[in-house]
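J.: I need the structure of the sequence given here:
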Amino acid sequence: MKKTIKKIAVFMFAATVISSCNTVDFGDINDNPNGPTAAITSQLLSSAQISVSGIITDETGINFVQHLAEGQYPGSSKYVTLTYSYNGYYTGPVQNLNRIIEVNLDADQAAVVSQFGNNDNQIAVAKLLRAYFLHYMTDQWGALPWTEAFKGIDGTQPKFDSQQSLYTFMFSQIDDALGRMNANAGPQGDMIFGGDMAKWATFANTLKMVMALRISDADAATAKTKFEQAVASGKLISSNASNIRFTYGSDDGSDNPWQDRFESREDYVISETLMDAMDANTDPRKFKYTKPAFNGAVTANGNNAYKGAPNGKVNGNTKDFAFITNTVIEDPVYKVAIYTYAQTKFSLAEAALKAWNVGGGTAAAHFKAGIEASMMSWSVSTADMDTYTAAHNTVSMANIAYEKWMALYLNGPEAWAEWRRLDAPALTPSIYANDRRIPVRYAYSSTVGDNNPVNYAAVIASQGPDNLHTKLWWDKN
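T.: Here you go, the predicted structure:
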């Protein structure tokens, strides 16, 4: 009893102190006189854009679609990871972009932050990047917290928005961004386009085009409308010169992640699936995508030197297999692709087969141009390119899917998403995996069910089991 009384006394004393502190005005005693008085939106933008690099160089999807295999420590190539967390996107880049939008819309702060670029252009770029991150996230996990997210302690258990509703939101954000863009100053801190709003318009319409095709089997009417809007804009990638790539710095803190991965380790080699496909089709990209094995003897056709590794196997002696070309892994400033002209042309070819308005040109013409764009971007000779296109001139959904898979080499998120949507080319799951099925989504982090049990149960009921094999809303084939 005495201990209980003492505890109550301590509690009452603490409550009194806290209550009395609430009435004290400390003025600006806690303000840092050397700190900024307003959000520095240029820094918020740069910080958010850094995360784009993590998406386009993520090796998980690359291993899933068997462009690469792993060396001594196979993981994603044998589907080891069972759950993935999206928390870093919410607390990192998306939160930064939310803040840019918030301060530029606030009448009291807009004038101050306009020093970092026209307010509407800042909002437009932030909304486009936010849509890009959300597109990546929902195409990995499916349904996600969104409309009830970002509420701090007032929203610690948000509901999950369906993937269909998230696509509706993303389309609206892209359209809003396009409507805001103007000829005034673009945002400072823009590492991707240097504030060039014309390039951001191309990014916006390319993103819209990609998203439209992604949902074409789930909502054909919306897909057609949005795709044709992107085409009608006249602002799609029109040549390899306008490919959308991420620019890296030459220092170790900002250089190409692929170069960093091969400085002291050899964790990735060329998959036998990719190599066999290039051999079967006499594909000249073989000698541009890869470099020969250190231990392979160079023969007339290079087959011994250009050997692919089994997917998911412990390939401890990596020097027995072909590697990613030095163009990628030895150049610290190599510009990794986000979206390309080849991807655009294959998308137009597919849309033409669907009888959508693609602004002119046949499916066959766009298909051929897509192959040529891919090969020219890797410096394949004109003679080799012409030989290949002459032998591969039949346009069909299966052939478009194959060529898109080949052209999206090392672009894991896009290659994996398009392979799931098109179910082509046929890939054999790793025989070394415990579960011999190639994943078709990420499973939520195990903490989601613990921290948000009611809404976690609801999303499972609507979307399906929370595992690697429940198809997303748009994945109908």
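
J.: Residue 342 sits in which helix or strand?
T.: In the assignment (DSSP states H and E), residue 342 maps to helix 341-353.

J.: Give the other helices and strands that that helix contacts.
T.: When contacts are defined as 3 or more C-beta pairs under 8 Å, 6 or more residues apart in numbering; DSSP states H and E, helix 341-353 sits against helix 197-214, helix 220-232, helix 363-377, helix 397-407. Bear in mind the C-beta positions are built from the backbone N, C-alpha and C, glycine included.

J.: please redo it, this time with the cut-off set to 10 Å
T.: Taking 3 or more C-beta pairs under 10 Å, 6 or more residues apart in numbering; DSSP states H and E as the contact definition, the neighbouring helices and strands of helix 341-353 are helix 197-214, helix 220-232, strand 244-246, helix 363-377, helix 397-407, helix 412-422.

J.: closest to residue 470 out of those?
T.: The stretch from those with the least distance to residue 470 (C-beta to C-beta) is helix 412-422; that distance is 11.7 Å.

J.: Which elements pack onto the closest one?
T.: With contacts defined as 3+ C-beta pairs under 10 Å, 6+ apart, the packing partners of helix 412-422 are helix 41-56, helix 59-64, helix 119-141, helix 197-214, strand 336-339, helix 341-353, helix 397-407.

J.: Residue 467 - nearest residue in space that isn't next to it in sequence?
T.: Computed as C-beta to C-beta, 6 or more residues apart in numbering, the closest residue to residue 467 that is not its neighbour in sequence is residue 443, at 5.4 Å.

J.: From residue 461, how far off is the one you found?
T.: With the distance defined as C-beta to C-beta, to the nearest Å, residue 443 ends up 16 Å from residue 461.

J.: out of the two, which sits in the busier spot?
T.: Relative neighbour count places residue 443 above the other of residue 443 and residue 461, with 20 against 8, counting by other C-beta atoms under 10 Å.

J.: Contacts only, for residue 219.
T.: Under the criterion of C-beta atoms under 10 Å, 6 or more residues apart in numbering, the neighbours of residue 219 are 164, 167-168, 212, 225-226, 473-474.

J.: Go again with 8 Å.
T.: With contacts taken as C-beta atoms under 8 Å, 6 or more residues apart in numbering, residue 219 has the following neighbours: 164, 167.

J.: separation between it and residue 392?
T.: In this view, residue 219 and residue 392 are 32 Å apart by C-beta to C-beta.

J.: got it, and residue 367?
T.: Plainly put, residue 367 is 9 Å away from residue 392 if you go by C-beta to C-beta.

J.: what's the answer for residue 45, then?
T.: Relative to residue 392, residue 45 is positioned 42 Å away (C-beta to C-beta).

J.: Which one's more surrounded, these two?
T.: Comparing residue 45 with residue 392 by other C-beta under 10 Å, the one with more neighbours is residue 45, at 27 against 17.

J.: so who does the more buried one touch?
T.: Taking C-beta under 8 Å, 6+ apart as the definition, contacts of residue 45 comprise 96-97, 100, 122, 125-126, 129, 187-190.

J.: from these, which is closest to residue 354?
T.: The shortest approach to residue 354 among these belongs to residue 129, at 29.2 Å (C-beta to C-beta).

J.: so the closest one sits right up against residue 97, yeah?
T.: Yes: if you go by C-beta atoms under 8 Å, residue 129 and residue 97 touch, sitting 5.6 Å apart.

J.: Now do the shared contacts for these two.
T.: Each of 45, 48 lies in contact with both residue 129 and residue 97 under the rule C-beta under 8 Å, 6+ apart.

J.: what number of residues lie near residue 83?
T.: By the measure other C-beta under 10 Å, the count of residues near residue 83 is 15.

J.: how far away is it from residue 38?
T.: 39 Å.

J.: Quick one: residues contacting the closest residue to residue 228 other than its chain neighbours.
T.: Counting by C-beta to C-beta, 6+ apart, residue 357 is the residue found nearest to residue 228 once chain neighbours are left out, at 4.9 Å. Contacts here follow C-beta under 8 Å, 6+ apart; on that basis residue 357 touches 228, 231-232.

J.: how about the nearest residue to residue 151 once chain neighbours are set aside, secondary structure?
T.: The shortest distance from residue 151 to any non-neighbouring residue, by C-beta to C-beta, 6+ apart, is to residue 158 (7.3 Å). On the three-state scheme (DSSP: H, G, I helix; E, B strand; the rest coil), residue 158 is labelled coil.

J.: who's in contact with the helix holding residue 342?
T.: When contacts are defined by C-beta under 8 Å, 6+ apart, helix 341-353 is touched by residues 206, 209-210, 213, 227, 231, 236-240, 242-243, 358, 361-364, 366-367, 369-371, 373-374, 377, 395-397, 400, 403-404, 407-408, 414.

J.: low pLDDT regions in the chain?
T.: Screening the chain residue by residue with the criterion pLDDT under 70, one finds the ranges 1-37, 296-303.
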